[in-house]
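>>> below are the sequence and a predicted model; questions follow.
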Amino acid sequence: MKVSNIKDIDKFFEVVDSCDGKVELVTGEGDRLNLKSKLSQYVSLANIFSGGEIPELEIVAYEKEDIDKLMSFMING
């Protein structure tokens, strides 16, 4: 799923951390980073963070409940 305009990055990573299954960030090169790993979170922030928000990411979640959590975050903030 593509997610965009994440303004509350801390809340976004809280939602990712609350997911039961694997949640991955797909890089522009096609690599997949485990977003539940703190190291990967820092690496992803360092690479894509600009101006206080994340413009667009491709995220892969494997559990339906996790997808629902991420969708709810994107809709409700």
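Yep, that arrived.
>>> now the strand or helix carrying L57, how far from the centre of its chain.
Element membership of L57, judged by DSSP states H and E, is strand 54-61. Distance, stretch centre to chain centre, for strand 54-61: 5 Å (CA atoms, centre = their mean, to the nearest Å).
>>> list the buried residues in the helix or strand that it is followed by.
Note on strand 54-61: by DSSP H and E, the next helix or strand toward the C-terminus is helix 64-76. Within helix 64-76, the residues that count as buried by 16 or more other CB atoms under 10 Å are D66, I67, K69, L70, F73, M74. Glycine gets a C-beta too; all of them are placed from N, C-alpha and C.
>>> over to stretch 13-20?
F13, V15, V16, C19.
>>> the lowest-mean-pLDDT helix or strand in the chain to strand 54-61, inter-axis angle?
Sorting the helices and strands of the chain by mean pLDDT, DSSP states H and E puts helix 38-48 at the bottom, at a mean of 75. In terms of direction (axes from the mean of the first three to the mean of the last three CA atoms, to 10 degrees), helix 38-48 departs from strand 54-61 by 140 degrees.
>>> would you mind listing the buried residues in helix 38-48?
Within helix 38-48, the residues scored as buried using 16+ other CB under 10 Å are S40, Q41, S44.
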